[in-house]
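Student: missing the sequence, but the structure's below:
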């Protein structure tokens with residue numbers, strides 16, 4: 001069997017316990033200050049910025065990938081905001097900065113505001129940071145500090161977090177509470193984890209010169225030197241990877257390394273395992289090394305639903321030009337409903353799917369807030385998931401027993417509390433997700449397609465073919481009229497039609513027909529109509545009524561779930577099914593609506609819309625590089641005879657420059673934006689917005705391996 005990933009329950013982290021001296025916080029658990037109110041800013045500049053030569057390196061940064069800073073203790077964020085400010089002041093206009101910072105005990109947003117208020121010139125960056133500040137739960141939280149500056153907060157233990165990191169760091173801020181007060185962090189395992197995710201030219205700097213820190217860094221492959229410390233500290237250390245370790249990292253990352261003595265490559269191979277946590281259990285998920293991507297790279301996205309438009313937006317935000325291709329207008333198919341729920345359904349027992357969905361919900365919420373702060377395209381209404389059956393009630397109770405998430409993410413509510421949240425009498429308990437809500441799907445897709453750098457091309461692509469020449473591998477797209485488009489990088493996001501393209505025929509996609517029901521009531525008849533205050537989900541879902549500029553109002557609900565149903569017609573039987581589900585879940589709301597309208601709900605003039613969702617067998621999206629199915633069946637054939645056999649291949653063969661974002665099912669507006677960010681990061685050689693296990697969980701080749709093992 002394919003090994004199962006073991007994950008801890010979803011739980012809140014213990015937040016920082018603080019004592020204050022005006023705006024200077026001290027951690028009570030460690031008995032140490034985060035910074036000195038008198039010279040904390042100067043110490044940050046001397047120790048971390050200047051000792052890593054950041055002004056010089058930022059000014060000379062010409063790469064299309066971002067410069068990457070790694071930090072071992074986020075604290076108040078002072079180091080990071082100073083680095084961001086220095087970058088904006090010194091880097092070329094097209095340069096980008098990516099920051100990775102680990103924190104085991106995050107502060108509350110209000111505490112961050114108080115601590116950072118000591119530096120008014122950082123106020124804009126500080127407010128951008130605190131406005132996006134995530135709930136204190138284990139995982140990766142991607143924030144955008146500026147159009148050119150990305151911050152990944154890795155909440156959890158530093159060693160554990162860095163061991164799951166995908167990406168390469170250029171400069172390290174080795175920070176944290178004093179080694180004498182927090183010795184567990186300053187461990188050989190931490191230094192080894194740092195070396196394992198460093199780029200060959202990585203540097204580091206730290207305020208301490210403690211002997212065991214110097215020895216630990218040297219053992220991990222860093223060379224250090226003592227330099228003048230700041231203020232009362234006589235010495236500190238800074239340095240970089242040694243030649244052997246740098247050569248090994250270059251080899252593992254597929255980079256060209258400088259010429260070295262003959263014995264160095266052999267030593268590099270010998271320490272390879274210590275530098276990189278290779279996927280010895282699932283080597284097929286080792287990602288391909290990204291091809292160099294520049295502003296001249298020809299990039300296309302097939303499919304203009306939420307999966308495709310969010311991929312195009314993620315790349316355009318990075319400064320690339322993207323051709324978005326669809327036979328219909330953006331948001332015309334499954335993403336074309338007038339309303340769509342932004343929600344998740346978390347499993348009672350922890351699994352990778354739940355971890356991913358929770359990360360995706362939080363990311364989508366931050367993404368939408370920055371994309372549309374006025375909420376013209378979405379609503380932060382929250383989502384109420386009702387327990388309308390004994391089985392669902394038991395499942396929800398088990399979920400609450402297993403996990404201890406912050407109420408800001410999800411909380412159990414009684415029937416009375418559910419009624420208050422929804423604004424209508426409800427007879428069932430449930431789970432409430434405050435960060436969820438609803439979106440205007442078609443409008444959102446159209447908005448994304450209009451992003452600077454995206455060119456929409458209307459064409460029906462029916463074939464894609466790989467082309468190889470002296471310049472590399474390209475993809476030729478052929479439309480229904482015989483016209484050809486050639487691109488270097490191609491993302492296929494065509495929903496249930498993705499596997500109609502020959503290289504992707506192996507994908508296990510199931511089309512699921514869904515019909516929604518809706519009615520628009522003119523302005524003169526809306527005064528007495530009820531409307532919900534949040535999205536309510538049970539067997540189906542219903543959103544708060546949409547208010548239109550002319551005063552009219554639209555009520556939408558649904559949707560049916562019909563696998564293997566190819567009927568394109570809107571059917572009365574499906575309207576009846578949607579009405580029956582709504583009547584079962586929300587009888588009081590239905591009664592109020594019928595009283596206001598003066599007719600039974602079934603007699604109203606309902607309109608409908610039919611579309612097909614694409615689902616995978618395990619209900620998680622397929623997002624990432626496209627596997628070479630024929631090569632995998634050959635390379636991993638031995639797994640059919642012994643599923644636990646160690647296969648020799650380091651990584652699976654992938655179709656160069658071909659990427660997938662599909663199988664988002666009914667939760668595409670939650671999952672597609674984070675999958676888009678993942679694919680853009682993989683394509684550009686950036687740190688990834690998810691930990692390694694979740695990247696593996698989304699890999700488009702995961703079913704291929706299962707089929708090989710089961711000899712299908």
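Tutor: Structure's in. What do you need? If you're wondering where the values come from, they're calculated on a predicted model, not measured in any experiment.
Student: next, count neighbours for the closest residue to residue 52 other than its chain neighbours.
Tutor: Once its chain neighbours are removed from consideration, residue 52 has its nearest residue in residue 171; the separation is 4.3 Å (CB to CB, 6 or more residues apart in numbering). C-betas here are computed from N, CA, C, even on glycine. Other residues within reach of residue 171, judged by other CB atoms under 10 Å, total 27.
Student: residue 171 - that's part of a strand, no?
Tutor: Yes: Residue 171: assigned to a strand according to DSSP: H, G, I helix; E, B strand; the rest coil.
Student: isn't it right up against residue 206?
Tutor: No: the pair formed by residue 171 and residue 206 falls short of the contact definition of CB atoms under 8 Å, at 11.9 Å.
Student: give the buried residues for stretch 496-504.
Tutor: Along stretch 496-504, these residues count as buried under the neighbour rule (16 or more other CB atoms under 10 Å): 496, 497, 498, 499, 501, 503, 504.
Student: what pLDDT does the second one get?
Tutor: At residue 497 the predicted local distance difference test score is 94.
Student: please, where are all the strands along the stretch 1-150 of the chain?
Tutor: Taking DSSP state E, counting those that start in this stretch as the criterion, the stretch 1-150 of the chain carries its strands at 18-21, 24-27, 32-33, 67-71, 97-103, 139-146, 149-155.
Student: how about these, which one is nearest residue 582?
Tutor: Comparing those by their distance to residue 582 (CB to CB), the top pick is strand 139-146, with 35.0 Å.
Student: list the contacts for residue 374?
Tutor: In this structure, residue 374 makes contact with no residue, judged by CB atoms under 8 Å, 6 or more residues apart in numbering.
Student: residue 440 versus that one, what's the distance?
Tutor: Remark: distance between residue 374 and residue 440 (CB to CB, to the nearest Å) = 13 Å.
Student: and what of residue 652?
Tutor: Using CB to CB, one obtains 39 Å as the distance from residue 652 to residue 440.
Student: just residue 321 next, same as before
Tutor: As judged by CB to CB, residue 321 and residue 440 stand 27 Å apart.
Student: ditto for residue 206
Tutor: In this view, residue 206 and residue 440 are 49 Å apart by CB to CB.
Student: those two: who's more crowded?
Tutor: In terms of neighbours (other CB under 10 Å), residue 206 is the more surrounded of residue 206 and residue 440; the figures are 25 against 22.
Student: ok, now which ones touch the more buried one?
Tutor: Residue 206 sits next to 47, 173, 174, 175, 213, 236, 237, 238 when contact means CB under 8 Å, 6+ apart.
Student: in JSON lines: these, plus secondary structure.
Tutor: Conversion of the contacts of residue 206 to JSON lines gives the following (three-state DSSP):
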{"residue": "47", "secondary structure": "helix"}
{"residue": "173", "secondary structure": "strand"}
{"residue": "174", "secondary structure": "coil"}
{"residue": "175", "secondary structure": "coil"}
{"residue": "213", "secondary structure": "helix"}
{"residue": "236", "secondary structure": "strand"}
{"residue": "237", "secondary structure": "strand"}
{"residue": "238", "secondary structure": "strand"}
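Student: for stretch 590-607, which outside residues touch it?
Tutor: With contacts defined as CB under 8 Å, 6+ apart, stretch 590-607 is touched by 424, 517-520, 528-530, 555, 570, 575-576, 579, 582-583.
Student: could you list the low-pLDDT ranges of this structure?
Tutor: Segments of the chain classed as low confidence (criterion: pLDDT under 70) are 1-8, 36-38, 255-281, 648-650, 712.
Student: got the domain ranges for it?
Tutor: Residue ranges for the domains of the chain, per automatic domain parsing: 22-241, 243-274, 299-332+444-509+616-709, 380-435+511-611.
Student: neighbouring strands of the lengthiest strand in the chain in the sheet, and parallel or not?
Tutor: Secondary structure of the chain per DSSP state E: the longest strand is strand 510-521. Within its sheet, and counting by DSSP bridges, strand 510-521 is paired with strand 553-558 (antiparallel), strand 562-563 (antiparallel), strand 607-615 (antiparallel).
Student: how far out from the middle of the chain is that strand?
Tutor: In terms of CA atoms, centre = their mean, to the nearest Å, the centre of strand 510-521 is found 28 Å from the chain centre.
Student: mind checking what helix or strand follows that strand in sequence?
Tutor: Moving toward the C-terminus from strand 510-521, the next helix or strand (DSSP states H and E) is strand 535-537.
Student: outside of that following strand, which residues touch it?
Tutor: Counting by CB under 8 Å, 6+ apart, strand 535-537 makes contact with 341-343, 345, 381-386, 422, 426, 436-438, 541-544, 585-586, all of which sit outside it.
Student: kindly report the same for stretch 381-398.
Tutor: 341-343, 345, 348-349, 412-413, 418, 421-422, 426, 428-438, 533-539, 543-544, 584-585.
Student: swap in 6 Å and give it another go.
Tutor: Taking contacts as CB atoms under 6 Å, 6 or more residues apart in numbering, the residues outside stretch 381-398 that touch it are 343, 348, 418, 421-422, 428-434, 436-437, 534-538, 544, 585.
Student: can you get me the start-to-end distance on it?
Tutor: Its first and final residues considered, stretch 381-398 spans 26 Å by CA to CA, to the nearest Å.
Student: how far does that stretch sit from its chain's centre?
Tutor: Shown here is stretch 381-398, whose average C-alpha point lies 26 Å from the average C-alpha point of the whole chain (CA atoms, centre = their mean).
Student: got the buried residues for that stretch?
Tutor: Taking 16+ other CB under 10 Å as the neighbour-count basis, stretch 381-398 is seen to contain the buried residues 381, 382, 383, 384, 385, 386, 387, 388, 392, 396.
Student: just the element for residue 566, please.
Tutor: When secondary structure is defined by DSSP H and E, residue 566 falls outside every helix and strand.
Student: for residue 558, give me its contacts.
Tutor: Remark: with contacts taken as CB under 6 Å, 6+ apart, residue 558 is in contact with 516, 517, 540, 578.
Student: excluding covalently adjacent residues, which one is nearest to it?
Tutor: Leaving out its chain neighbours, residue 558 is closest to residue 516 (CB to CB, 6+ apart), at 3.5 Å.
Student: same question for residue 711.
Tutor: With sequence-adjacent residues excluded and distances taken as CB to CB, 6+ apart, residue 711 is closest to residue 640, at 4.9 Å.
Student: give me the number of residues near the one you found?
Tutor: The number of residues packed near residue 640 is 15, by other CB under 10 Å.
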